[in-house]
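Student: quick one, what's the 3D model for this:
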Amino acid sequence: MKNLLILSVFFLNSSLIAQNQDTIKIQEVVIEGEVDDYKAYKNENKTSSSVQLIQQLSGVTITKRSNFSIEPSINSFKYEQINTTINGGVTASSSCPNRMDPIITRISSNEIKRIEVVRGPFEVRYGQIMGGYINLITQEKPNYEKFSFGGELLSKYNFNGNGSVLAADLKTGNKFFDINFGASRRDFGNYVSGSGQEISSSYKTYGINTNIGFNLSKKQRLVMAYIYSKADDVMHAGLPMDAKYDESNMFSLDYSFNDLGKLFTELKVKMYASAEDHLMTNEYRPNASASLANTPVNSHNYGARFEFTTKPFANVKMHIGADFKQIAKDGMKEVTVYKNICTTPPTVYPTPIKKEFEVWQNSYSQDFGVFIDLQYYVNEKLKLKTGLRSDLIKSDIKDPEEDFKALYNNDITPDDILNFNYYAQAKYSLPKNYSIEISAGHGTRNPSLLERYINHFTVGLDAYEYVGNPHLKSETNNQINLMLSQKNKFVFVYINTFYSRINNYITAVEDTTIKRKFTACKEPKYAKRFVNIDNAEQYGINFGGNLALFKYFIVNIDLTYTYAQNLEMNEPLPEIAPFTSIVSIIYKYKKLKAELQNEYQAEQKRISKLVGESETPAFSIINLKISYVLFKHFKFGLSVDNISNENYYRHLSRPYKNMDTQSMFYEPGRNFKIFVKYSF
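Tutor: Predicted coordinates:
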């Protein structure tokens, strides 16, 4: 019956392709469950892009502003509503107000070993979590008994867009030390959509990811890590500017001590720092001839955490700890005005006028948190988890603009915020390998620096200038999840339902007391100011899993739907992905692996007029990937994305902005890819 159900879903998706020939795309990485298939994912092949990697996560969709800038979305939650970290604590924040440079862009997808996902406010050990948690793991503890050396080399080429990838991952060590060094280079040109339109999407990236581990004793370990990334000439089709460069450095230090004594079984300490320099420009856009804008900005993140693990009883495990995080951002927008386009005809200035404007107003935020997390194994069938954390948040600006101070009568220093996060989970094992899990949690998120301090910048889907509000309240999410699953040697299937009640939801509304600051003759005449909305809600369902049909066949399935509503304004919440289904049939036999995948996304008519969203048509696509182990150490792969060359775009992709030709941000048309991987 289970086999019939999953096959029926696949053929249903295939029939939708015949009804709606809108597009096709392939995911290149098969991410299979590890430990708990719903919460941890292993990156097996390491040949995919970040887009494809994130799309494979069950219940997770992406927001896309360019072929480079992507961010995950869990149900209706996105941006700072999701806490995304690297290796269990390292954080990095966007320097760009338009989020050209989210944390996922700082590491190459082939460097990610595993991804952990928490869907909801059901974790307290790694910072505030309002809507979800994603942990990108690049470090794995090796187990060398004697000196060893190995690694892998990867070369990949995309025919649509002339995209090339070169990557290396080298490992060495013995029982006293270990070194992991990774490096990558990506060079992508503009690709062509299904209709033949050239999409502004080119970029170049260079990256280094290295960590050195020392086994100080049988109980103690020290790991030093460094991640460097550089992106050049990034074309952001969905944003009003492009990035000339984006350079980041991340350092971290991890120390662990096992078997401390009878009371505490383990101590973990982490310290990290990250810094980013970013330059965005409209140099390649139509309005540059009238007004050229260059905006060098930077961000700095510092943090530390420590955690004790204790087992007061044989069936009880506790984590007790504290963490600290600081985010600071600064930068100026440098504008050279050549002509006044508000006159008819435009007035050309004999001497261009140069101006400077604060972007972040030299703002910062500090978060000091303490937490306790408890796991209680009642018996073989019942497992309980609960956690509590408290966060004290301070924030301020050092160089406020005069008009920003005047707007708030010089009252621009927010009150300190004290937030509480807590959750409880119960998982019970039923007969025939079934289990039921219920989770309830209260998550919070303090307002971001953008929502507090941005001053007349176009950072939304629409053409409004946005103005921050230093007196915003923290968003809160009260969520409950109910999941039923079955797992054995041949099958893992789950169905998860969720409901969230969101209070103090942060959005922006037009404020007729604040006039447009730049190009005042243009529409809209007024700016938007960030405000809190009393009540919003969301509910939905995730269904998925994998099944070994026959000896060599595996079926993976993921269905997701979310309904989200702004209750105060009686309209849908913005940027909510429609019903999405991804079904794959995988064939594995000796050295050969083949995957046929169908992705279907329904039309989205539930749109927010408040932020200027547009309806999105449905699409359905099929993708094919084949890989073969040629020799002992060589693996060759060929894939075809968008086999039928459909013309489509995703609901969460930003449309073209400030371009000669206005357009939706279409995905690539038919795309052949090849890769060769050498392992040793």
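
Student: which stretches of the protein form helices?
Tutor: Listed in chain order, the helices of the chain (DSSP state H) span 2-19, 50-55, 402-407, 449-453.

Student: beta partners of residue 673?
Tutor: For residue 673, the beta-bridge partners are residue 158, residue 639 (DSSP bridges).

Student: so which helix or strand of this protein has the lowest pLDDT on average?
Tutor: In the chain, the helix or strand scored least confidently by mean pLDDT, DSSP states H and E is strand 31-33, which has a mean of 29.

Student: on that earlier part again, would you single out the least confident of the helices of the chain?
Tutor: Within the helices of the chain, confidence is poorest for helix 2-19, with a mean of 35 (mean pLDDT).

Student: show me where pLDDT drops low in the stretch 1-150 of the chain?
Tutor: By pLDDT under 70, the weakly predicted segments of the stretch 1-150 of the chain are 1-52.

Student: try it again at 90.
Tutor: Along the stretch 1-150 of the chain, segments meeting pLDDT under 90 span 1-64, 69-70, 75-76, 88-89, 92-93, 104-115, 138-145.

Student: can you check the stretch 301-450 of the chain too?
Tutor: In the stretch 301-450 of the chain (pLDDT under 90), the answer is 314.

Student: make it 70
Tutor: By pLDDT under 70, the stretch 301-450 of the chain has no low-scoring segment.

Student: and what of the stretch 551-680 of the chain?
Tutor: Ranges of the stretch 551-680 of the chain meeting pLDDT under 70: none found.

Student: list the contacts for residue 609?
Tutor: Contacts for residue 609 (Cβ atoms under 8 Å, 6 or more residues apart in numbering) come out as residue 571. The C-beta positions use only the backbone N, C-alpha and C, and glycine is treated the same way.

Student: which residues touch the residue of the chain positioned farthest from its centre?
Tutor: Largest separation from the mean C-alpha position in the chain: residue 350, at 46.4 Å (Cα atoms, centre = their mean). By Cβ under 8 Å, 6+ apart, the contact list for residue 350 is empty.

Student: how near is it to residue 108?
Tutor: Distance of residue 350 to residue 108, computed by Cβ to Cβ, to the nearest Å: 49 Å.

Student: likewise residue 496?
Tutor: From residue 496 over to residue 108 the distance is 31 Å, taken as Cβ to Cβ.

Student: residue 300 pairs with what?
Tutor: residue 275, residue 328.

Student: likewise for residue 384?
Tutor: Beta bridges link residue 384 to residue 376, residue 426 when assigned by DSSP bridges.

Student: now residue 281
Tutor: On the basis of DSSP bridges, residue 281 is bridged to residue 242, residue 294.

Student: for it, give me the pLDDT.
Tutor: The predicted local confidence for residue 281 is 96.

Student: burial of it, as a residue count?
Tutor: 18 (other Cβ atoms under 10 Å).

Student: for it, list the residues it contacts.
Tutor: Neighbour list for residue 281: 241, 242, 243, 244, 292, 293, 294, 295 [criterion: Cβ under 8 Å, 6+ apart].

Student: ok, now how distant is it from residue 537?
Tutor: On the measure of Cβ to Cβ, residue 281 and residue 537 end up 41 Å apart.

Student: repeat for residue 78
Tutor: With distances taken as Cβ to Cβ, residue 78 is found 16 Å from residue 537.

Student: comparing these two, which shows the higher neighbour count?
Tutor: The neighbour comparison of residue 78 against residue 537 (other Cβ under 10 Å) goes to residue 78, with 21 against 17.

Student: nearest spatial neighbour of that one, chain-adjacent residues omitted?
Tutor: residue 63 (5.9 Å; Cβ to Cβ, 6 or more residues apart in numbering).

Student: equivalent analysis for residue 243, please.
Tutor: residue 234 (4.0 Å).

Student: cool, and residue 454?
Tutor: Excluding the flanking residues, the one nearest residue 454 by Cβ to Cβ, 6+ apart is residue 468, at 4.5 Å.

Student: please list all residues in contact with the one you found.
Tutor: 404, 450, 451, 452, 453, 454, 455, 529, 530.

Student: contacting residues for the residue nearest to residue 243?
Tutor: Residue 234 touches 66, 68, 69, 100, 202, 203, 242, 243, 246, counting by Cβ under 8 Å, 6+ apart.

Student: again with residue 282
Tutor: 240, 241, 242, 288, 291, 292, 293, 658.

Student: one more pass at 7 Å, please.
Tutor: 240, 241, 288, 292, 293, 658 (Cβ atoms under 7 Å, 6 or more residues apart in numbering).

Student: kindly report the same for residue 112.
Tutor: Per Cβ under 7 Å, 6+ apart, neighbours of residue 112: 43, 53, 136, 137, 138.

Student: measure it to residue 534 for me?
Tutor: Counting by Cβ to Cβ, the gap from residue 112 to residue 534 is 39 Å.

Student: if I pick residue 539, what's in contact with it?
Tutor: Neighbour list for residue 539: 498, 499, 563 [criterion: Cβ under 7 Å, 6+ apart].

Student: can you check residue 266 too?
Tutor: Contacts of residue 266 by Cβ under 7 Å, 6+ apart are 256, 257, 258, 260, 309.

Student: out of the contacts of residue 539, which is most surrounded?
Tutor: Ranked by neighbour count (other Cβ under 10 Å), these have residue 498 at the top, with 21 neighbours.

Student: what's opposite the closest residue to residue 210 other than its chain neighbours in the beta bridge?
Tutor: Nearest residue to residue 210 in three dimensions, chain neighbours excluded: residue 181, at 4.6 Å (Cβ to Cβ, 6+ apart). In this entry, residue 181 is beta-bridged to residue 170, residue 210, by DSSP bridges.

Student: now do residue 64
Tutor: Residues in beta-bridge contact with residue 64 (DSSP bridges): residue 70, residue 653.

Student: burial measure for it, as a count.
Tutor: Around residue 64 there are 20 other residues, counting by other Cβ under 10 Å.

Student: same thing with residue 314?
Tutor: 7.

Student: how long is stretch 615-635 from one end to the other?
Tutor: Using Cα to Cα, to the nearest Å, the end-to-end distance of stretch 615-635 comes to 43 Å.

Student: buried set for that stretch?
Tutor: Applying a neighbour-count criterion of 16 or more other Cβ atoms under 10 Å, the buried positions in stretch 615-635 are 616, 617, 618, 619, 620, 621, 622, 623, 625, 627, 635.

Student: related to what we said a few turns ago, how far away is the residue nearest to residue 210 from residue 105?
Tutor: On the measure of Cβ to Cβ, residue 181 and residue 105 end up 21 Å apart.

Student: more neighbours, those two?
Tutor: Higher neighbour count among residue 181 and residue 105: residue 105, with 27 against 16, using other Cβ under 10 Å.

Student: number of nearby residues for residue 326?
Tutor: Using other Cβ under 10 Å, residue 326 has 17 neighbouring residues.

Student: verify the contact between it and residue 363 for me.
Tutor: No: with contact defined as Cβ atoms under 7 Å, residue 326 and residue 363 do not form a contacting pair (11.5 Å).

Student: for the residue nearest to residue 142 when sequence neighbours are not counted, what are its contacts?
Tutor: Closest residue in space to residue 142, ignoring its immediate chain neighbours: residue 178 at 4.9 Å, by Cβ to Cβ, 6+ apart. Neighbouring residues of residue 178 by Cβ under 7 Å, 6+ apart: 142, 144, 213.
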